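Visitor: pasted the sequence and its predicted model underneath.
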There are 2 protein chains.
Amino acid sequence: MIDDGTPKINKRQQLLETAERLFASEGYDAVTIRDVAKAADMNIAMITYYFGSKEKLFEEIIRTRKPDINEKLIALRDMDITPWEKITQTIDIYIDKLFGRKDFNQVVMREMALKQRPFHVSLVLEMVENNFKIIGDFIREGEQKGVFRYTDVELTTLTLIGSIFQMVNNSSLCGRMLKEEPEAVFSERNKQRLSVHLKSMLQSHLLIKQL
Amino acid sequence: MIDDGTPKINKRQQLLETAERLFASEGYDAVTIRDVAKAADMNIAMITYYFGSKEKLFEEIIRTRKPDINEKLIALRDMDITPWEKITQTIDIYIDKLFGRKDFNQVVMREMALKQRPFHVSLVLEMVENNFKIIGDFIREGEQKGVFRYTDVELTTLTLIGSIFQMVNNSSLCGRMLKEEPEAVFSERNKQRLSVHLKSMLQSHLLIKQL
DNA sequence: AATTGAGTTAAACATTTGATTAAATTAAAC
DNA sequence: GTTTAATTTAATCAAATGTTTAACTCAATT
């Protein structure tokens, strides 16, 4: 047996990772199972063998890679901290989760934008919608406690998440804007920079100045 | 000759519009030229006849539909108005152009996010990047004139445009957030609502209060 | 009336695609 | 060591896809 450095422990896992990466960079429809197999240095039939079909491979990627933002937000909701602290932590949770699984999120965001979505993508869409509702509740809590200005809650949420989505999803455009290599967009430095920016902006937008 | 209400003046134009709509809702790769031909009630060969290929049809959509945001921004740059007025007008220009050509922009945004882009998509990407630079200059002008706070210029631009992109690109998610039908997302009322929100948020973020 | 040429059609072509098969190889169990 | 099951391979299949072809229509021109 030839040991070429890449232990063959888990060909299934290799396929998942390769497919995720290719789907992210070229789009689900543009990637053939032959592309995936070739990039993973395996036979095409391995995909059918492990997953059944291309579609089920995609489904498996979503099932296993879906970030657990929802649980984090629910935990946050029940914590005894100020509404503003909930917002800042929400920002960090989103940045961390979306940057941490950037390939996956690029794939899902692209598929979410399509009209007729496969069932499993609809599930993610529902989760995202649910998360947005929770964030909206954070803002409303601040309004009711008299520490937040009254704003357009839904659109404030949209702006908050949309900025992060945009940076993850269109990294080549952002890379050019930030004068960095496309891959450097996802550096710790830029995660920090985005976090600081969003907190600063939402602070001016939401927080009522203490006189 | 049968006059069925749809004058056959311009089958070429019909193909362009049908293709744009289908590409927007299902994605370029997922749409076959048979789909386009069928939806436009024509023969497949008409696509080759008028455009040469599926790729060139796509190219033609971009060439003819590309919104002229760039010219508007350059005109704005040379106007004798305050930096804040430039920002508010920029917001309205973007909302108007992106909402006005939503199908087109959904297509282009999706293709822009891919790694290896066809040449004509790269051109759009460059135009977008150039527009972002101009908006950044508006903000810097405000900083230098002492009317804007010092902020993260690039990320402020990203947030501004990212919010609009997000609303156009993920209209089904936004529709559910705003409790409207997906198509109603693009109503005049919501354009207005987004405009008000962005101006309000950027005002708190950028403008130094007059004492 | 005959000719021309753009517009249009149905049929076919060569590839590509997702999926399958049956054999071969490897690993595990006994 | 033999048997058994899991993994991997090469070859093949039917359907789908972008493109081409050759014939046909029909209005405008001569």
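Guide: That came in fine, so what should we check first? Residues are numbered from 1 along each chain as shown, chains lettered A, B, ... in the order given.
Visitor: so is stretch A:21-35 next to DNA strand D?
Guide: No - with CB under 7 Å from any atom of the strand as the criterion, DNA strand D is not reached by stretch A:21-35; the gap is at least 9.3 Å. In short, each C-beta sits where N, CA and C put it, glycine included.
Visitor: buried residues in that stretch?
Guide: Using 16 or more other CB atoms under 10 Å in any protein chain shown as the burial criterion, the residues of stretch A:21-35 that qualify are A:21-31, A:33, A:35.
Visitor: now the residue nearest to A:G162 when sequence neighbours are not counted: which helix or strand?
Guide: Counting by CB to CB, 6 or more residues apart in numbering or on different chains, A:G162 lies nearest to B:Q166, which is 3.4 Å off, once chain neighbours are set aside. Element membership for B:Q166, per DSSP states H and E: helix B:153-169.
Visitor: helices or strands up against that helix?
Guide: Applying 3 or more CB pairs under 8 Å, 6 or more residues apart in numbering or on different chains; DSSP states H and E, one finds that helix B:153-169 contacts helix A:153-169, helix A:171-177, helix A:188-206, helix B:83-100, helix B:102-112, helix B:119-144, helix B:188-206.
Visitor: buried deepest among those, which one?
Guide: Highest mean neighbour count among these (mean count of other CB atoms under 10 Å in any protein chain shown): helix A:153-169, with a mean of 24.
Visitor: for DNA strand D, what are the nearby residues on chain A?
Guide: Residues of chain A that fall close to DNA strand D, judged by CB under 7 Å from any atom of the strand: A:8, A:11, A:42-46, A:49.
Visitor: buried subset of the residues you listed?
Guide: Buried subset of the residues of chain A next to DNA strand D (neighbour count, 16+ other CB under 10 Å): A:42, A:46.
Visitor: which two from the residues of chain A next to DNA strand D end up farthest apart in space?
Guide: Farthest-apart pair in these is A:K8 and A:I44; separation 17.6 Å (CB to CB).
Visitor: just the CA atoms of the worst-scoring helix or strand of chain A on mean pLDDT, as CSV, please.
Guide: Within chain A, confidence by mean pLDDT, DSSP states H and E is lowest for helix A:171-177 among all helices and strands, at a mean of 89. The C-alpha trace of helix A:171-177 is given here as CSV (Å, rounded to 0.1, in the frame of the first residue of the first chain):
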residue,chain,number,x,y,z
SER,A,171,-15.0,38.3,-1.0
SER,A,172,-13.3,39.2,-4.3
LEU,A,173,-15.1,42.5,-4.5
CYS,A,174,-14.4,43.2,-0.8
GLY,A,175,-10.8,42.1,-1.3
ARG,A,176,-10.3,44.8,-3.9
MET,A,177,-12.1,47.4,-1.8
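Visitor: re earlier: these two touch, right, the residue nearest to A:G162 and B:C174?
Guide: Yes - under the criterion of CB atoms under 8 Å, B:Q166 makes contact with B:C174 at 7.3 Å.
Visitor: mind listing the shared neighbours of those two?
Guide: Counting by CB atoms under 8 Å, 6 or more residues apart in numbering or on different chains, the shared contacts of B:Q166 and B:C174 are A:L158.
Visitor: what's the separation between the closest residue to A:D29 other than its chain neighbours and A:S25?
Guide: Excluding its sequence neighbours, the residue lying closest to A:D29 (CB to CB, 6+ apart) is B:D29, at 3.5 Å. As judged by CB to CB, to the nearest Å, B:D29 and A:S25 stand 13 Å apart.
Visitor: can you check A:V31 too?
Guide: Distance, A:V31 to A:S25, using CB to CB: 9 Å.
Visitor: and if you look at A:M201?
Guide: Distance of A:M201 to A:S25, given as CB to CB: 30 Å.
Visitor: cool, A:K72 as well?
Guide: Distance of A:K72 to A:S25, given as CB to CB: 28 Å.
Visitor: swap in A:I33?
Guide: Using CB to CB, one gets 16 Å for the distance from A:I33 to A:S25.
Visitor: of the buried residues of stretch A:21-35, closest to A:P83?
Guide: Nearest member of the buried residues of stretch A:21-35 to A:P83, counting by CB to CB, is A:A24, at 34.7 Å.
Visitor: now the host helix or strand of that closest one: mean pLDDT?
Guide: Using DSSP H and E, A:A24 falls within helix A:11-26. Average pLDDT, helix A:11-26: 95.
Visitor: is chain B contacted by it?
Guide: Yes - counting by CB under 8 Å from any CB of the partner chain, chain B is contacted by helix A:11-26 at A:25-26.
Visitor: hang on, the earlier thing: look up how far DNA strand D lies from the residue nearest to A:G162.
Guide: Going from B:Q166 to DNA strand D by CB to the nearest atom of the strand, to the nearest Å gives 29 Å.
Visitor: would you mind measuring from that residue to DNA strand C?
Guide: 29 Å.
Visitor: now for that residue: which residues touch it?
Guide: B:Q166 neighbours (CB under 8 Å, 6+ apart): A:158, A:161-162, A:165-166, B:174.
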